[in-house]
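> Starting from these lines, generate the structure:
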Amino acid sequence: MSPKVSKEHMELRKATILEAAKAVFIEHGYERTTMKLIMDAAKVSRGGLYQYFSNKEVVYETILQEALNRFSKETKDLLEGEVPSYWELLLLCMFGSEQQPDDKMDPMAPSNLEFFITGKHDPRRREYGAMRYNNGLTLYKKVIEQGQKSGEFSIDYDSEIIARTILTFTDGLALGHSILPQETIRLKEQSTLFVVYLKKVLNVSL
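Sure thing, here's the model as predicted:
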């Protein structure tokens, strides 16, 4: 087997392990997940798992990093392409391709919060948390800034403060969703009201 094929095989195996690990984290949460659970879900031996990841934290950090990389690339492509409506782009960043609130939450959100909150005194996790926050802040701030420059959004409020408000709202929903029943959170209704708030702040007439 050539080195290229061998490398491709290893990358595929690593991706398979990560997909299995994500399912385990979604089901059990960060703290209750073990390397044994990941190993069983991925159907690999102990040696096969530890060949790629030395511990559970490294597995989770890899999942986070890959998500950040995808997010950064998608954001770059969106902002560098033709943008007919910055309002629609903002909704796309917040709610995905449907561009409207629903009752669905990122299934990894509870585990993400658990990872950061339980490790709030760990410098490494704090660094990851700051990176995640700053990536989101940069995205929303750029979209709002460009919308303000184009005249589509009002300039009455600072773009960074609006961006931070969006992050606080979404993280707050994720926290509530991780500890309370979905019907208690009323995710869609809260998100719909938040969209109304953003329309007023940005003076969007749609």
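
> Does the most centrally placed residue in the chain lie in a helix or a strand, and which?
Centroid-nearest residue in the chain: residue 67, 6.7 Å away (criterion: Cα atoms, centre = their mean). Assigned by DSSP states H and E, residue 67 falls within helix 56-80.

> Report the angle between the helix or strand that that helix is followed by and helix 56-80.
Using DSSP H and E, the next helix or strand after helix 56-80 towards the C-terminus is helix 86-95. Angle, helix 86-95 to helix 56-80, by axes from the mean of the first three to the mean of the last three Cα atoms, to 10 degrees: 170 degrees.

> So which elements touch whichever helix in the chain runs longest?
Determined from DSSP state H, the single longest helix within the chain is helix 3-32. Packing partners of helix 3-32 (3 or more Cβ pairs under 8 Å, 6 or more residues apart in numbering; DSSP states H and E): helix 35-42, helix 56-80, helix 109-118. Where C-beta positions appear, they are placed from N, C-alpha and C, glycine not excepted.

> picking that back up, can you name every helix or strand that the helix holding residue 67 contacts?
Where contact means 3+ Cβ pairs under 8 Å, 6+ apart, helix 56-80 is packed against helix 3-32, helix 35-42, helix 86-95, helix 109-118, helix 123-150.

> buried sites along the helix or strand bottoming out on mean pLDDT in the chain?
The weakest-scoring helix or strand in the chain, judged by mean pLDDT, DSSP states H and E, is helix 182-185 (a mean of 72). Within helix 182-185, the residues that qualify as buried are residue 185, counting by 16 or more other Cβ atoms under 10 Å.
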